[in-house]
Each structure stands twice: as structure tokens, then as C-alpha cells.
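*Asks:* Quick one: sequence plus predicted model below, questions after.
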Amino acid sequence: MPRIPHLRWWIVALIFFASVLNYIDRQALSILAPTIQKDLALSNEDYASVLNWFLIAYTVALIASGKIVDRFGVRFSLALFVGWWSISNILTGFARSAASLGACRFLLGLGEAGNWTAAPKAVSEWFPARERALAIGIYTLGATVGATLAPVLIVGLASWHSWQAAFIVTGSAGLVWLIPWLWLYRRPSEHPRLSAAERTLIESGQAADQAAAAAAAPDWGKWHRVLLRREVLLLIFARMLTDPVWYFFQFWFAKYLYDARGLDQKSLSVTWVVYLAADIGVLSGGWLSGLLIKRGTAPVRSRLWIMLACAVLVPLGAVIPHVDALWLVLAFGMVAVLAHLAWLINLSALVVDLVPRGSLAFAFGVIAAGSSLGGLMMNKAVGSLVTNTSYDPAFGFMLLLHPLAWLLAWQLRPRASATPASST
């Protein structure tokens, strides 16, 4: 059977496209929110509740999907998740009330979460440590590329036909994605198209990773022990504090431009520039920490130093309500989003660095659940603020969240006293 050169990169490319679809399907609602709110007679608090139904399901599914991936493997699990969320997105086009819209987004959340527990498991199977941050950056780039394309694509589909068509067309694309995925993906040890050279690279990288993991942290055992690990708890709170910034830009920024800056529905396609900055953040975050590792910095410390720089830049998003020109609004939004995504890539790489492979998907899901819990609280708060005051306090919180989270994450650095033991 013919071998496929650089097969691991083809696999991460497919995960990249799944992530593109994941975010296009997720962003469709926020981009079309003004039109859908008017058509279905939804208040801002109704809209916040619909978002939270998505995040409630997403939180539950992050934990459950990790166990599914660890039990059934990446190939089956990711096919299940993509198929589920694609059908759920199609059904959104048939919603006729706040209740049915919330139910469809709840189903979407149950499926979409699995992308982010299956993907790191695939990276742990196919990539050595020095390539992991880049691989994570590539598939996470799919999310930001999806968010970049979504404003233009979704507004275009809605203008061409209707807001319902935007959900049906984008959902159908996920069902098409299943065909190449099921054909290509296998574990490295089972793949008939893996070249001998690449097999050797993957196996040697996995052996080194397993040795390092055994020295640094023994098997964590059952799920309740994973939940009580200090590393997991710190990372849960770090994501709970910081991911609301990203959720805000996903779910509320277009509405902010519509409500507070006077842009109409078609003009909201301009938000693509903010998500383009997210693309840059994803690539630069992984590349910079990888560069530090190549220069001799330990992986965990390299991630933390890049995260410190990000924690300095994200607070610039708090300036947005205080500038008049639209280009400045977008520029400060770009800086905040770029820095947050670079932060998120390195935080995600920390999980892969610190968690034994056998517990990885579950731990990743639990940590990501902290993200959606933070998003739930943010949506509730912003819905109330927008109804009763303004968007300004929501931007003000950006001053504090990443610096506080970095102080938590800094506790994960290797202790000097642990260095000799970890090198044996």
C-alpha cells in the first residue's frame, strides 16, 4: 500500500478543517443575532440565555467527551462529534422561538466540545514534544480561521437567501468532512500508510515523552484523582478567568458594534479583522514557545514566559469603549484577541506537557470545562449589563483577568529542588 509522506501533518490538517467548521457553526448565531432577535422577538436576556444553553451543554460535554475519546479512540469519537454538531447546526435553521433556538444550541454544544478533547489526544499520539505546540497551534488556528471567515460567509449566505440557509449550508459541510476523516485517521501503530521514517520519529518521540512523564508524574489513576490534581485545579481556574474574554468577542462583540457603534447587519462582516488577529496569535504563540524550547528553556517555563507577555497585552482591550474611531475599536480588539489566543495555545500546551497520556483527554475536558463555566458567568453578567447599564464594565474586566490567571499558572513552574529528580 502506498505510503503518505508527512502523514501526521495531513492528519492535523483535517483536524484544522474540523475546527474551522466548529467555529463557523458556533459564530453563525452571534453574527446574525440582530436579525434573529428581530425575527424571533428575542430580548438581550433571551439571547444571553440561548448562549448559556450552548455553554451548559458544552461544559457537560467537555467532561463526558474526554472519557469517550479515552475509551473509544480519536477516529470514532471525532466522527461522532462532528456529525452530531453538524446536524444540530442544520436544525438551528428550523428554530421558531427562544425555546427551540436554545434547544438546538444545546445540542450543538454537546457535539462541539468533543473537537477540543479529541484533537489534543490526536496530537499526543502523532507528535513529539518539540512539535506539539505547533500542532496545537495549527488545529486551534482552524478555530480562528473559522471565526475570521464566518462574518463574511454567514452574512453572505443570509443576504443571498435567509438566516436559516446560513445554518443549513454550514451544517451540511460538516457531514462532507466525515468522508476524508474516516478514510485517513488511524493510530500510528495501526496505520498502513505511515512511512518507516515517520513511524520511527513518532515512536522515538513517544518513548521520550513517556519516560519524561513517568519521571515527572506517575499515572494519575481514576478520574476523581485527576480532578484533585493541583495542576488540573490551577489550569481550570486559569481558563475560567481568561476564556470569558474570548467568549465575549465571539458572542457579544458583533452585537456591541451593532448596539453601541451603529453598524448595520451587513457591516458586521468587518469583524473578520479581529479574528484575523486571532489567527496570528495562534501561530505566534506556539512558534514563540517552541523557539524558547529550542534555545534551551524548559517547556513549561517557555509557555509561562509567553503567557506573561500576553497577560500584559490583553488588558488593552479595556480601552475599546473609550475611543471614538471604529478603526481604533477594531485595533484594540485585535490586540486583545491576538494576545488571548497566544495565551490559550500555550496554556493548552501546558496541559499536554503536564498530564500523563492515559488521562489526557479527560483532563483536557475538565480543564476546558473551566472555560465554559467562565463563559456562562460572563454571558449572564453581560446580558444584565447591556439591559441595565452598558457594555463598558464588560471591557473593564479585561484589565484584571489575565494577570490574575498568570499568577496562578506561574505556580506550575518546575521547582529548582525538583530538577535533579526529574532528570534521573
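*Replies:* Arrived safely, thanks for sending.
*Asks:* Give me the residue ranges of the chain where confidence is low.
*Replies:* Across the chain, the ranges flagged by pLDDT under 70 are 1, 205-224, 357-358, 415-424.
*Asks:* Could I get the full set of helices for the stretch 301-424 of the chain?
*Replies:* 326-354, 360-388, 392-396, 401-409, 419-422 (DSSP state H, counting those that start in this stretch).
*Asks:* Ok, the stretch 51-200 of the chain next?
*Replies:* In order along the chain, the stretch 51-200 of the chain carries the following helices (DSSP H, counting those that start in this stretch): 74-92, 98-112, 115-126, 129-160, 163-184, 196-216.
*Asks:* Most tightly packed of those?
*Replies:* helix 115-126 (a mean of 26; mean count of other Cβ atoms under 10 Å). The way it works is simple: take the backbone N, C-alpha and C, and place the C-beta from them, glycine included.
*Asks:* and it, what does it pack onto?
*Replies:* Under the contact definition 3 or more Cβ pairs under 8 Å, 6 or more residues apart in numbering; DSSP states H and E, helix 115-126 sits against helix 7-31, helix 44-72, helix 74-92, helix 129-160, helix 196-216, helix 326-354, helix 360-388.
*Asks:* Need the contact partners of stretch 95-103.
*Replies:* Under the contact criterion Cβ atoms under 8 Å, 6 or more residues apart in numbering, stretch 95-103 has outside partners I36, L40, L42, D46, S49, V50, W53, T92, F94, C104.
*Asks:* contacting residues for the first one?
*Replies:* When you say that, I think you mean I36. I36 is in contact with L29, L42, L101, W163, counting by Cβ under 8 Å, 6+ apart.
*Asks:* So the first one sits against W53, correct?
*Replies:* Read it as L29. No: the pair L29 and W53 fails to qualify as a contact (Cβ atoms under 8 Å) at a distance of 11.0 Å.
*Asks:* Need the overlap of contacts for those two.
*Replies:* With contacts taken as Cβ under 8 Å, 6+ apart, L29 and W53 have R105 as neighbours in common.
*Asks:* More neighbours: which of the two?
*Replies:* Neighbour count, other Cβ atoms under 10 Å: between L29 and W53, L29 has more, with 26 against 21.
*Asks:* Contact partners for the more buried one?
*Replies:* I36, V50, L51, T92, R105.
*Asks:* Could you dump those into JSON lines and include distance to A260?
*Replies:* Listed next are the contacts of L29 as JSON lines, based on distance: Cβ to Cβ, whole Å:
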{"residue": "I36", "distance to A260": "19"}
{"residue": "V50", "distance to A260": "21"}
{"residue": "L51", "distance to A260": "18"}
{"residue": "T92", "distance to A260": "26"}
{"residue": "R105", "distance to A260": "24"}
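*Asks:* closest to L328 among those?
*Replies:* Nearest to L328 among the contacts of L29: L51, at 27.1 Å, using Cβ to Cβ.
*Asks:* Give me the nearest residue to the closest one, chain neighbours excluded.
*Replies:* Excluding the flanking residues, the one nearest L51 by Cβ to Cβ, 6 or more residues apart in numbering is N379, at 4.7 Å.
*Asks:* The one you found against A48, yeah?
*Replies:* Yes: using Cβ under 8 Å, N379 makes contact with A48 at a distance of 4.9 Å.
*Asks:* so what sits against both of those two?
*Replies:* Common neighbours of N379 and A48 (Cβ under 8 Å, 6+ apart) do not exist.
*Asks:* quick revisit: greatest separation within the contacts of L29: which pair is it?
*Replies:* Largest separation among those by Cβ to Cβ: L51 and T92, giving 12.9 Å.
*Asks:* Would you mind listing the residues touching both of these two?
*Replies:* Listed contacts common to L51 and T92 are L29, R105; contacts here mean Cβ under 8 Å, 6+ apart.
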